[in-house]
Structures are given as C-alpha cells and as structure tokens.
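Engineer: sequence and predicted structure below; questions after.
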Amino acid sequence: MSQNDLEMIKRIYASFNARDIDAVLAVLSDDVAWANGMDGGHINGREAVRDYWTRQWAVISPHVEPVAFEETEEGAVAVEVIQSVFDLDGRPLEGQAHGLKDKTVTHIFRMDGDKIVRFDIQDAL
C-alpha cells in the first residue's frame with residue numbers, strides 16, 4: 001500500500017470521528033459501494049453515504065479507532081478497527097436492535113487511483 005493511501009485512510013477515520021462528512025465524501029468515487037454496518041448490505045454513491053451517516057448519527061454516536069493496516073493479496077487495504085458505539089449522550093449502548101456494537105472489526109478499502117471505490121466490513125480475524 002502506498003504512503004498516500006495510508007495517510008488518506010487515516011484522515012478518513014479522523015474525519016468520521018469528527019463528523020466531517022464532506023472530508024470523507026471527497027475521497028469516495030461517485031458510485032462507491034459502501035458497507036451498511038447498521039442494516040447490512042451496501043449502499044451506492046456519495047449521497048447515499050451522506051444520508052446513511054446522517055441517519056446513523058441521529059440515533060447513535062460511533063467512534064472508530066484504526067489499530068493496524070495491511071495490504072491484502074488483491075491490493076486492497078485491510079484495517080483492524082476498534083469500534084465503539086455510544087448513545088447521543090455518550091453512554092454505552094444497551095439492547096440496540098441495529099448491527100452496530102462495540103467490537104473489533106476489519107474494514108476493507110478498495111481504491112482506484114486516489115478514490116475509494118468499495119468499502120467492506122468483516123468480523124476481525
């Protein structure tokens with residue numbers, strides 16, 4: 001993985017945690033396929049990602065902390081992430097019905113040039 005890709009992905013996490021949607025959307029391809037961690041499946045396109053995060057942040061306050069980066073055999077970037085999910089008052093969630101919860105996951109980023117074209121979430125290995 002290039003140093004540019006690594007730095008871009010680190011900035012994505014910082015921007016997500018700061019709720020700076022536009023900074024993240026700027027590095028997504030127009031037709032990005034983005035994993036929907038709350039409901040499953042994928043959403044497509046920058047505006048769908050904006051809508052998804054706006055809806056997510058209206059009900060929960062997630063925080064993602066990347067702890068390890070690795071290039072996959074296919075050339076994607078796999079990031080081990082500690083995912084913490086809080087209510088809007090900063091308290092740990094209890095009994096939520098959606099798929100987001102405190103756990104370690106692997107995020108997979110696939111790039112084309114300087115844009116992210118696909119994002120997937122896997123349970124940590």
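Structural biologist: Arrived safely. Here the structure is a predicted model, which means the values were calculated and not measured.
Engineer: which positions in stretch 45-55 come out as buried?
Structural biologist: Residues Gly45, Arg46, Ala48, Val49, Arg50, Tyr52, Trp53 are the ones in stretch 45-55 that count as buried (16 or more other Cβ atoms under 10 Å). (Glycine included, C-beta is placed from N, CA and C.)
Engineer: now the element after the helix or strand in which Glu70 is found, going C-ward?
Structural biologist: Taking DSSP states H and E as the criterion, Glu70 maps to strand 61-71. Sequence-wise, the next helix or strand downstream of strand 61-71 (DSSP H and E) is strand 77-86.
Engineer: for the following helix or strand past that next one, list the C-alpha coordinates in PDB.
Structural biologist: As assigned by DSSP H and E, the chain's next helix or strand after strand 77-86 is strand 103-112. Once non-C-alpha atoms are left out, strand 103-112 reads as follows in PDB (Å, rounded to 0.1, in the frame of the first residue of the first chain):
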ATOM      1  CA  LYS A 103     -16.300  -4.800  18.800                       C
ATOM      2  CA  THR A 104     -13.100  -5.200  16.800                       C
ATOM      3  CA  VAL A 105     -13.800  -5.400  13.000                       C
ATOM      4  CA  THR A 106     -11.800  -5.300   9.800                       C
ATOM      5  CA  HIS A 107     -12.500  -2.600   7.300                       C
ATOM      6  CA  ILE A 108     -11.500  -3.300   3.700                       C
ATOM      7  CA  PHE A 109     -10.900  -0.400   1.400                       C
ATOM      8  CA  ARG A 110     -10.500  -0.800  -2.400                       C
ATOM      9  CA  MET A 111      -9.100   2.100  -4.300                       C
ATOM     10  CA  ASP A 112      -8.900   3.200  -7.900                       C
END
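Engineer: what helices or strands is strand 103-112 leaning on?
Structural biologist: helix 3-17, strand 77-86, strand 115-123 (3 or more Cβ pairs under 8 Å, 6 or more residues apart in numbering; DSSP states H and E).
Engineer: buried sites along the last one?
Structural biologist: The one in question is strand 115-123. Ile116, Val117, Arg118, Phe119, Ile121.
Engineer: number of nearby residues for the closest residue to Glu74 other than its chain neighbours?
Structural biologist: Distances taken as Cβ to Cβ, 6 or more residues apart in numbering put Arg110 closest to Glu74, at 7.8 Å, once the chain neighbours are dropped. Arg110 has 17 neighbours, counted by other Cβ atoms under 10 Å.
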